[in-house]
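>>> Fold the following and give me the result.
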Amino acid sequence: MVDDRPVHAFTGALSALMASGTFHGNELNALLDAAFSSLHGAGNEAYAAVLRDTASTRELITFLRRTSVRHPAVWTKVASGLGPSASLRWARTVASRAFLEATSRAAR
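Just a heads-up that it's a prediction; the model follows:
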């Protein structure tokens, strides 16, 4: 059995997107290039945290934002690959986790 870490709320949707068949030709490689360039730019600790599934919500949102700046077409792929309902559900999950992490940090 695999544990359900908070990071999986992000990576599960990303895995589903990559497996969706939405990408054609070299599109998936272009997205992966942007993603790994974003991770590389974040430094070793952040890169390792994402790969180990230990990244914080803040680190993951930063990763998503930096990747989307490098590859803006990803947002249309999210909408078409996951569909409207799953895309909105994923966005709600990301936003609620960000809110919980921020309020937790503020309470300390």
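>>> just checking, what packs against the helix or strand of the chain with the lowest mean pLDDT?
Least confident helix or strand, the chain: helix 8-19 with a mean of 83, by mean pLDDT, DSSP states H and E. Counting contacts by 3 or more CB pairs under 8 Å, 6 or more residues apart in numbering; DSSP states H and E, helix 8-19 is packed against helix 57-70, helix 74-107. The way it works is simple: take the backbone N, C-alpha and C, and place the C-beta from them, glycine included.
>>> Could you dump these into a markdown table and include mean neighbour count?
Formatted as a markdown table, these follow (neighbours: other CB atoms under 10 Å):
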| stretch | mean neighbour count |
| --- | --- |
| helix 57-70 | 17 |
| helix 74-107 | 14 |
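>>> quick one: contacts of stretch 31-48?
By CB atoms under 8 Å, 6 or more residues apart in numbering, the residues outside stretch 31-48 that reach it are 23, 50-51, 55, 59, 62-63, 66-67, 70-71, 74, 77.
>>> can you pull the buried residues of that stretch?
31, 34, 35, 38, 39, 42, 46, 47 (16 or more other CB atoms under 10 Å).
>>> Pull the most distant pair out of those residues.
The largest separation in the buried residues of stretch 31-48, counting by CB to CB, is between 31 and 46 at 18.6 Å.
>>> circling back to that earlier point, residue 12: which of the helices and strands packed on helix 8-19 is closest?
helix 74-107 (8.6 Å).
>>> so what does the closest one touch, helix or strand wise?
helix 8-19, helix 27-42, helix 57-70.
>>> Show me the one of those that comes nearest residue 90.
Closest to residue 90 of the helices and strands packed on helix 74-107, according to CB to CB: helix 8-19, at 4.2 Å.
>>> buried ones in that closest one?
Within helix 8-19, judged by 16+ other CB under 10 Å, the buried ones are 9, 10, 13, 14, 17.
>>> OK, contacts around the last one?
The one in question is residue 17. With CB under 8 Å, 6+ apart, residue 17 has these contacts: 77, 78, 81, 82.
>>> returning to that earlier point: what angle sits between the least confident helix or strand of the chain and helix 57-70?
Interaxial angle of helix 8-19 relative to helix 57-70 (axes from the mean of the first three to the mean of the last three CA atoms, to 10 degrees): 30 degrees.
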